[in-house]
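> quick one: sequence and predicted model below, then my questions.
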Amino acid sequence: MPAILQAPSGQEEQIYATALASLAGIGRATLVCLLERFKPSQVFELLRTGKVRSIDFEESESTCTKRIISRIRGLDVEMIRRQLDGLVLSELEGNLRTAKAGVHFYGGPGYPELFARDPEPPAVIFWKGLEELSRQNPDEPRLLASVLDGLTGRVGIVGTRNCSRYGRDCAVKFGYELSTMGISVVSGLAQGIDYWAHDGAITCGDATPIGVVATGTDVICPSSSKPIYDMLTRKGIVISEYPPLAGLKPWHFPARNRLIAALSQVVVVVESNLSGGAMGLATMSLARDIPTMAVPGSIFSLVSRGTNQLIYQGASPVTDTTDILVGLGLSHFSSRNTGSISESQSFPAGDGGQPSHEHDDQPIVLTEDQLRVLRSIDFEPTPTNAILNRCPDLAVGAIHAVLCSLEGLGLVSPDQGWWTRTEKAREDRLPIESICSDS
Amino acid sequence: MISSVASACLLGVEGVPVTVEVHVSNGLPGFTIVGLPDAACRESRDRVRAALLSSSLSWSTKRVTVNLAPSGTRKNGAGLDLAIAIGFLVSTGELAHHQVRDIGFIGELGLDGSIRAIPGVLSLIGATRAKTVIVPVECVVEASIVKDKSVKFARDLAELVAALKGLRTFRENKPSRQPPKFPSGIDQSSPDLDRGYLYGDLDEIKGQRLGKRALEISAAGGHNLLMVGPPGSGKTMLARALVSILPELSFDQAVEVAKIHSAAGYSLGNLGRVHQPPFRSPHPSSSTVSILGGGTNAMRPGEISLAHFGVLFLDEFAEFPVKVLESLRQPLEDRVIRVSRSSSSITFPANFQLVAAMNPCPCGEGTYSGSCRCNAAQLTRYARRLSGPLLDRFDLRVTIARPSPEELVDASCSESTKQVAEKVARARQSQLSRFSKLSSQMNPSEVSRLIKTTPRARRLLVRNLSNGNLSARGLARTKKVALTISVLDGVPGLVDEHHIGEALELRSGLSQLARRLEAC
């Protein structure tokens, strides 16, 4: 065994586990099989000496199948040894410390039960976050496991990076409303739906959001996710299968999606193309018997084709947050049974920024022109030109002024010259009679 | 014998007086030009010699020295040919001193003795230190604007010498019907392309109420306009129609524009000046120098100067090199461009209105069309091409959508070009008489001094400032646009809530794009 290691006792195994996780040429399943029987330091030594190929295995159902055993027998020990000899363990230890990453390996103390139960458990996981709790219990190996066990519920909200305004609004709404109920949002910290779901979740901040990344926990990719990442490391958890400083590889994404599925009790696909990561994730969650739900969308929208397909195949449609609660088993009243959409929470309408917390008790008072312009706007993005054409007798200037006032009232939200009616401007919330003309 | 003849050469768009001194003496036969001539100018030796011989005039076998005074500044172009030839004739005694006294000569010589047009005649005539100036007959249209000097015309050297000797009369100062011709080196087709049938008409555009309103406000206040829309939505047609609703140039403006265009080598049409505001639309592949002006020898005005008092239209705005776009920021603020090279530094006028058109994303369709094929990284990269400060210089930023089928077949037109043009002209007149400038040209102190807002308008501004919709920088711009709208409404000087409202809507069209930029 190389005598480079001078870590505080109890930390050595973690560092050996980090070394194992950074190896190429040996897969997750093989490592899990080895870690089930040996400590990381022993696996390290077996690999370095090449003795790993001559271990006698008893075939078992779970981790040690015939395929794995034959793979261990055929390991390219020479290549692995070269990699191990090139590793400087003190460097790995330094990386772990700078990244403030916690390490748990399969079979080790504090390895979350959630993952251990999974058909494809990760060999080593790295995590970061829960700053306050970590500070209070710096040497608690079971911190992550206990926090994960203590969560009220975990809902994976996933979808395309290239989401529409509708998808974004849905992701923000569900993220925000689930968080107000103390339910954790699990997502992938990518752009699009992932971003907006966590954006909604952290504006509320009552729950512990979980982000699963496809790089090292200290690598922020894409960089636009930085604000979300920062909030997650403070209040939530960032989990990864890859050691600190690990870059992005294409095959990391399906693996990351598998972890999201493993972590979730319900998976909600907000928007997805017919093919794509989110659809793969839905397949994985169905394989794990995790309730998989989809948000219905327009049949004309490319990014709703996948979700509509999921619904066609039997996924429950999500039209409101209560539907997700039903999926979690926390509620028995779906929006479908009651026939009306619950008015429990107001959610951040508009640009995904600050949610309006105050309930709109006051009735909306609108002028005739305002009402006309408002009715010419759809709940889907409507281009300004279409609004102008639908009110041909109103002057362009007047319509612009009305749009500005409607925006001020929070009834419409603009983006790049497209207008969307917000939930606040639903027909049943509008006054039947407008007050005539200007006040 | 020594002689001295007045002429001028071009530096940027302005003329610089040049005195051509010719000294003929005994010695080894030779012909030297001194006084920092450029290549074209140095070659005039051969042109002058051939022209003199072709015109049955004498050529000497003596030593000839030509000095172009002041000797310290660079001379460029072939415009000094005629002056050198006349100076030579005076020095050899062919012409008498008194026959060329107080006469300046401008023109390029052909080998057959013909006198050819050169760019920038208008500026050159003004700069020549003489009461009478002889110019090529081809420049008769351009020269017709000159009021303070007597301008005479000549077709070829033999005819000119005869006229100077009093053997015949000079040609009359009467514009011909033929458009002036330029040497083949100068592009003749582009002026017609740029000033003529490329102009659009507002009547030709179906639907597009938003685009037309934006054009109207842009024309009335001189506001820079950015149009974002998918291909085929009519951005280019709208931009071209802008000229049709802009008022004609005043005489002084027309002369200034004519000088620049003449210096750049463009013909000025049959009237000798530019009446309609110029409309320039350079291709995205244009170099920085071609846009800003400059060059190694002759400093040539760039597109932004050619668009002086007119419109610079940059189609496919995001396809321009970032360096070119960023270089527009300073001239947009200062309305002049200072081009400095090691040899000289020149200020070109550049008081133009910028109109730009671009697609919302690389694939062109836009995020909300439902058929966008761009991923987030591509969108970010695309948005990053336009910097915040550059976007900030657009007072009006509108999204142009494809017209609906109903709009396309519907024959009814909201307002004719003529009606809009009248509204614009009235609004411009009202601004000029009240504030002595267009609202877009006001400086910050004038914005706060001259633009009066109602309390309701102020409340709206405060609300938008506090919720982050509006930046402090955007505030002044919004107020200026609101002022233009109020002037169009017929209530100049009092900006109300709905004026601010519309100004905000016309500015916020790109809020998402701007926000993406801030996130970068």
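Cool, the structure landed. Residues are numbered from 1 along each chain as shown, chains lettered A, B, ... in the order given.

> what residue is smack in the middle of the chain?
Since no chain was named, I'll use chain A. The centroid of chain A falls nearest to A:S187 when counting by CA atoms, centre = their mean (0.2 Å).

> hmm, no, I was thinking of chain B.
When chain B is reduced to its mean C-alpha position, the closest residue under CA atoms, centre = their mean turns out to be B:L306, at 1.3 Å.

> the helix or strand harbouring B:V48 packs against which elements?
Assignment of secondary structure by DSSP states H and E places B:V48 within helix B:44-54. Applying 3 or more CB pairs under 8 Å, 6 or more residues apart in numbering or on different chains; DSSP states H and E, one finds that helix B:44-54 makes contact with strand B:30-34, helix B:81-91, strand B:108-109. All C-beta atoms are positioned from the backbone trio N, CA, C, and that covers glycine.

> average pLDDT for it?
Averaged across helix B:44-54, pLDDT comes to 92.

> off-centre distance for whichever helix or strand comes after it?
The first helix or strand that comes after helix B:44-54 along the chain, using DSSP H and E, is strand B:63-69. Using CA atoms, centre = their mean, to the nearest Å, we find the averaged C-alpha position of strand B:63-69 to lie 36 Å away from the chain's own average C-alpha position.

> likewise stretch B:494-501?
With CA atoms, centre = their mean as the basis, the distance from the averaged C-alpha position of stretch B:494-501 to the chain average is 34 Å.

> what residues are up against the residue nearest to B:C139 when sequence neighbours are not counted?
Of all residues not flanking B:C139 in the chain, B:V121 sits nearest, at 4.3 Å (CB to CB, 6 or more residues apart in numbering or on different chains). By CB atoms under 8 Å, 6 or more residues apart in numbering or on different chains, B:V121 lies in contact with B:106, B:135-136, B:139, B:142-143, B:262.

> mind checking which of those land in helices?
Applying DSSP state H to those, the entries found in helices are B:142-143, B:262.

> how close does the residue nearest to the centre of chain B sit to B:I260?
6 Å (CB to CB, to the nearest Å).

> domain assignment for chain B?
For chain B, the structural domains run B:2-164, B:193-519, going by automatic domain parsing.

> name the nearest residue to whatever residue of the stretch 301-439 of chain A ends up closest to chain B, sequence neighbours excluded.
Using CB to the nearest CB, the single residue of the stretch 301-439 of chain A nearest to chain B is A:G417, 2.4 Å away. For A:G417, ignoring the flanking residues on the chain, the nearest one in space by CB to CB, 6+ apart is B:T399 at 2.4 Å.

> where do the helices sit along the stretch 201-350 of chain B?
Using DSSP state H, counting those that start in this stretch, the helices of the stretch 201-350 of chain B run over residues B:209-221, B:235-245, B:251-263, B:288-292, B:303-306, B:322-327, B:329-334.

> tell me what the fifth one is packed against?
In terms of contacts (3+ CB pairs under 8 Å, 6+ apart), helix B:303-306 is packed against helix B:251-263, helix B:288-292, strand B:345-349.

> now do stretch B:140-156: distance to the chain's middle.
Centroid separation between stretch B:140-156 and its chain, computed with CA atoms, centre = their mean, is 23 Å.

> now the strands for the stretch 51-200 of chain B?
Along the stretch 51-200 of chain B, the segments classed as strands by DSSP state E, counting those that start in this stretch run B:63-69, B:103-105, B:108-109, B:115-116, B:132-136, B:150-154.

> closest to A:D149 out of the ones you listed?
strand B:108-109 (92.1 Å; CB to CB).

> which residues touch that closest one?
By CB under 8 Å, 6+ apart, the residues outside strand B:108-109 that reach it are B:44, B:47-48, B:51, B:77-79, B:81-82, B:85, B:115-118, B:136, B:157, B:183.

> now a ChimeraX select for only the buried ones of the residues you listed.
Selecting in ChimeraX just the buried members of those, where the criterion is 16 or more other CB atoms under 10 Å in any protein chain shown, is done with this command:
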select /B:44,47,48,51,77,78,79,81,82,85,115,116,117,118,136,157
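
> same list (the ones in helices among the contacts of B:V121) but as CSV, adding pLDDT and distance to A:D85.
Written out in CSV, the entries for the ones in helices among the contacts of B:V121 read as follows (pLDDT from 0 to 100; distance: CB to CB, whole Å):
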residue, pLDDT, distance to A:D85
B:E142, 79, 83
B:A143, 81, 87
B:S262, 83, 78
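
> including neighbour count, could the residues you listed go into JSON lines?
Rendered in JSON lines, the data for those read as follows (neighbours: other CB atoms under 10 Å in any protein chain shown):
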{"residue": "B:E142", "neighbour count": "28"}
{"residue": "B:A143", "neighbour count": "24"}
{"residue": "B:S262", "neighbour count": "28"}
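
> just give me the lowest mean pLDDT stretch among the helices and strands packed on helix B:303-306.
Looking over the helices and strands packed on helix B:303-306, mean pLDDT reaches its minimum on helix B:251-263, with a mean of 84.

> and the contacts of B:V121, which is closest to chain A?
For the contacts of B:V121, the minimum distance to chain A (CB to the nearest CB) is 40.4 Å, reached by B:S262.

> would you agree the closest one is in contact with B:G126?
No: in this structure, B:S262 sits apart from B:G126 without contact. The criterion is CB atoms under 8 Å, and the distance is 11.2 Å.

> so what's the residue in chain B positioned nearest to chain A bridging to?
Nearest to chain A, among the residues of chain B, is B:T399, at 2.4 Å (CB to the nearest CB). According to DSSP bridges, the partner residues bridging B:T399 are B:V228.

> what number of residues lie near it?
A count of nearby residues for B:T399, using other CB atoms under 10 Å in any protein chain shown, gives 27.

> contacts only, for it.
The neighbourhood of B:T399, defined by CB under 8 Å, 6+ apart, consists of A:383-384, A:416-418, B:210, B:227-229, B:360, B:509-510.

> next one: B:L292
Residues touching B:L292, when contacts are defined by CB under 8 Å, 6+ apart, comprise B:302, B:304, B:327, B:331, B:337, B:339.

> kindly recompute the last result at 6 Å.
Taking CB atoms under 6 Å, 6 or more residues apart in numbering or on different chains as the criterion, B:L292 is in contact with B:302, B:327, B:337.
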